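Participant: Dropping a prediction and its sequence here:
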Number of protein chains: 4
Amino acid sequence: MSPVVNTDELQTFLESVFPKIPSKILDIGPGHLTMEQITKPHDIRPGGTISGPTMMALVDTAMYAVILGHIGIIALAVTTNLNINFLRKPEPGVLKAKANLLKLGKQLAVGEVTITCNNDPRPVAHATCTYSIPPHK
Amino acid sequence: MSPVVNTDELQTFLESVFPKIPSKILDIGPGHLTMEQITKPHDIRPGGTISGPTMMALVDTAMYAVILGHIGIIALAVTTNLNINFLRKPEPGVLKAKANLLKLGKQLAVGEVTITCNNDPRPVAHATCTYSIPPHK
Amino acid sequence: MSPVVNTDELQTFLESVFPKIPSKILDIGPGHLTMEQITKPHDIRPGGTISGPTMMALVDTAMYAVILGHIGIIALAVTTNLNINFLRKPEPGVLKAKANLLKLGKQLAVGEVTITCNNDPRPVAHATCTYSIPPHK
Amino acid sequence: MSPVVNTDELQTFLESVFPKIPSKILDIGPGHLTMEQITKPHDIRPGGTISGPTMMALVDTAMYAVILGHIGIIALAVTTNLNINFLRKPEPGVLKAKANLLKLGKQLAVGEVTITCNNDPRPVAHATCTYSIPPHK
């Protein structure tokens, strides 16, 4: 599994599709990709923690990016399953999402995404995610 | 399992915590609750379908509401696991989320949420969700 | 979604594939199927509860049966994802599994399975499950 | 996270609880544990692949072992959630399960288990699993 798109092309594509995308690709390599996102006031829940939907959206974006980075930005992949465990309460700051492809099949891609926060190595959330890949024409 | 909070009290609480909450409680009954959400332009993905994060946020809110509706709005419950299957591409319009409690324990609450769209009875998404309930003081 | 195979044909097929199958189909209807399984000594964990793998195997079998019951016993479907929540400690006796199809697509079938025990209506386990359906020839 | 039990003690305990346990602990380290299992005829599905329930049982055992290895063999932990993705069809032979703890809290432990087969580095299955840890007396 080697990437076929570089980070700049991938970021440009994501921004064309999601103009307000809050996350940024840091790097892409064989089977993996890293994104980061600086949390904003509307990501924060009462008590000062980061909302679950903020992290779920980041997982979904990171998986989408790592798949497109390996199959090309032409195909239209859609999420079919996402399972997330929230492990620790993250504080506002910088979220980092590391996505690893577990399988890149013709019809299904499966990966895992680990989210850390503010340079603490302990994960704040861990997710697995399946995308359906439409047939190439 | 009988509700201990009515829909108005619950909605008022949700709005105090999430001032921009896009969803509205329709009804609550023994072990279940229904919410609806009218999709907005920023919920729509290229191709005209509703984004996954929009539906994941709705699942999370509906589970939070059904739990608080049955244990009271005092406790601070947090999501520990959310698993969602995206089943059909929903079109913009009105999403309806039906949440059912499968277990309401002292430490963990587990439920399922089924999302339908625009009066089509076939679900567009189905999720199960676990919340951790902190000890009462 | 209407069944295309009756319970006797389906049970006969399951027994031909899994000669020691411990579960029995009770009925099949549009989009759903019910199985039961009498627990045996090797299903019991220390403390007198039923083992998780016993219930996971029952979930997998019930989903397989409800899918084949609706697409015919020719196709070779394989599980791609199974997510299970264990809700209460079941006692030895009779497990009942109710499987509902949430989606029966050309490539993927998704369903949920609720397990109850000894006529207690409260579920002891709840699972969602995805099968990949190979292309028909 | 450092182990508090060595592999021999842990294996002896597992065999006392599950006399017919088919898997063997290879090693344990900070936050992780590896087990292996030689598949037997009753683990094989028609078509020559290993059954899903065989792999789900291995996941459950590996998670149980890694948790007890880090909290001691006194406590009675129970599975509350298991989510597994089946990635490739494994052939009969030797399954290896690597379990990593993602969180070891007072009430909940969360981990992931990757299963490989016959020295092929590509995973045949990947699971995440949550155990509830009862209060210490």
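Facilitator: Cool, the structure landed.
Participant: Contact residues of chain A facing chain B?
Facilitator: Proximity of chain A to chain B, by Cβ under 8 Å from any Cβ of the partner chain, involves residues A:17, A:20, A:42, A:46-47, A:52-53, A:56-57, A:60, A:76, A:78-86, A:89. Yep, even glycine has a C-beta here, placed from its N, CA and C like the rest.
Participant: Buried ones among those residues?
Facilitator: For the residues of chain A next to chain B, a burial check counting by 16 or more other Cβ atoms under 10 Å in any protein chain shown picks out A:52-53, A:56-57, A:60, A:78-86.
Participant: would JSON lines of these with pLDDT, distance to A:Met35 and secondary structure be doable?
Facilitator: As requested, these are exported to JSON lines (pLDDT from 0 to 100; distance: Cβ to Cβ, whole Å; DSSP: H, G, I helix; E, B strand; the rest coil):
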{"residue": "A:Gly52", "pLDDT": "94", "distance to A:Met35": "18", "secondary structure": "helix"}
{"residue": "A:Pro53", "pLDDT": "94", "distance to A:Met35": "16", "secondary structure": "helix"}
{"residue": "A:Met56", "pLDDT": "97", "distance to A:Met35": "14", "secondary structure": "helix"}
{"residue": "A:Ala57", "pLDDT": "96", "distance to A:Met35": "11", "secondary structure": "helix"}
{"residue": "A:Asp60", "pLDDT": "96", "distance to A:Met35": "11", "secondary structure": "helix"}
{"residue": "A:Val78", "pLDDT": "92", "distance to A:Met35": "19", "secondary structure": "strand"}
{"residue": "A:Thr79", "pLDDT": "95", "distance to A:Met35": "16", "secondary structure": "strand"}
{"residue": "A:Thr80", "pLDDT": "96", "distance to A:Met35": "21", "secondary structure": "strand"}
{"residue": "A:Asn81", "pLDDT": "98", "distance to A:Met35": "20", "secondary structure": "strand"}
{"residue": "A:Leu82", "pLDDT": "98", "distance to A:Met35": "16", "secondary structure": "strand"}
{"residue": "A:Asn83", "pLDDT": "98", "distance to A:Met35": "19", "secondary structure": "strand"}
{"residue": "A:Ile84", "pLDDT": "98", "distance to A:Met35": "16", "secondary structure": "strand"}
{"residue": "A:Asn85", "pLDDT": "98", "distance to A:Met35": "19", "secondary structure": "strand"}
{"residue": "A:Phe86", "pLDDT": "98", "distance to A:Met35": "18", "secondary structure": "strand"}
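Participant: restrict the residues you listed to contacts with chain D.
Facilitator: Of these, the ones that also sit near chain D (Cβ under 8 Å from any Cβ) are A:83, A:85.
Participant: Can you show me the helices along chain A?
Facilitator: Using DSSP state H, the helices of chain A run over A:7-17, A:52-71.
Participant: does chain C sit close to the last one?
Facilitator: Translated: helix A:52-71. No - Helix A:52-71 is not in contact with chain C by Cβ under 8 Å from any Cβ; minimum separation 14.4 Å.
Participant: List every C-alpha atom in that helix, with coordinates, as PDB.
Facilitator: Extracted in PDB, the C-alpha atoms of helix A:52-71 (Å, rounded to 0.1, in the frame of the first residue of the first chain):
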ATOM      1  CA  GLY A  52     -17.700  13.700  20.800                       C
ATOM      2  CA  PRO A  53     -19.100  14.900  17.400                       C
ATOM      3  CA  THR A  54     -15.900  16.900  16.800                       C
ATOM      4  CA  MET A  55     -13.800  13.800  17.300                       C
ATOM      5  CA  MET A  56     -16.200  11.600  15.200                       C
ATOM      6  CA  ALA A  57     -16.000  14.200  12.300                       C
ATOM      7  CA  LEU A  58     -12.200  14.100  12.600                       C
ATOM      8  CA  VAL A  59     -12.100  10.300  12.400                       C
ATOM      9  CA  ASP A  60     -14.400  10.300   9.400                       C
ATOM     10  CA  THR A  61     -12.200  12.900   7.600                       C
ATOM     11  CA  ALA A  62      -8.900  11.200   8.400                       C
ATOM     12  CA  MET A  63     -10.200   7.900   7.100                       C
ATOM     13  CA  TYR A  64     -11.600   9.500   4.000                       C
ATOM     14  CA  ALA A  65      -8.300  11.200   3.400                       C
ATOM     15  CA  VAL A  66      -6.100   8.100   3.900                       C
ATOM     16  CA  ILE A  67      -8.300   6.100   1.500                       C
ATOM     17  CA  LEU A  68      -8.300   8.700  -1.200                       C
ATOM     18  CA  GLY A  69      -4.600   9.100  -0.700                       C
ATOM     19  CA  HIS A  70      -4.200   5.400  -1.600                       C
ATOM     20  CA  ILE A  71      -6.800   5.000  -4.400                       C
END
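Participant: Also compute the angle for it relative to strand A:78-86, please.
Facilitator: Relative orientation of helix A:52-71 and strand A:78-86, computed by axes from the mean of the first three to the mean of the last three Cα atoms, to 10 degrees: 130 degrees.
Participant: any idea how far A:Leu102 is from the nearest residue to A:Phe13 once chain neighbours are set aside?
Facilitator: With sequence-adjacent residues excluded and distances taken as Cβ to Cβ, 6 or more residues apart in numbering or on different chains, A:Phe13 is closest to A:Ile73, at 4.6 Å. Computed with Cβ to Cβ, to the nearest Å, the distance linking A:Ile73 and A:Leu102 is 21 Å.
Participant: Can you get me a residue count around A:Ala97?
Facilitator: Number of residues near A:Ala97 (other Cβ atoms under 10 Å in any protein chain shown) recorded here: 26.
Participant: Now that we're looking at A:His136, what pLDDT does it have?
Facilitator: Reported pLDDT at A:His136 in the predicted model: 64.
Participant: Same question for A:Val110.
Facilitator: 98.
Participant: Next, the contact list for it, please.
Facilitator: Counting by Cβ atoms under 8 Å, 6 or more residues apart in numbering or on different chains, A:Val110 makes contact with A:101-103, A:128-131, D:85, D:87, D:126.
Participant: with those residues in mind, which one is nearest to A:Gly31?
Facilitator: Of all these, A:Leu101 has the smallest distance to A:Gly31: 4.6 Å, by Cβ to Cβ.
Participant: and the longest strand for chain A?
Facilitator: The residue-count maximum for a strand in chain A (DSSP state E) belongs to strand A:120-132.
Participant: Give the rounded mean pLDDT of that one.
Facilitator: Averaging pLDDT along strand A:120-132 yields 97.
Participant: in it, what's buried?
Facilitator: Buried-residue list, strand A:120-132, by 16+ other Cβ under 10 Å: A:123-132.
Participant: what is the orientation angle of that strand with strand C:120-132?
Facilitator: Using the same axes, to 10 degrees: strand A:120-132 against strand C:120-132 is 70 degrees.
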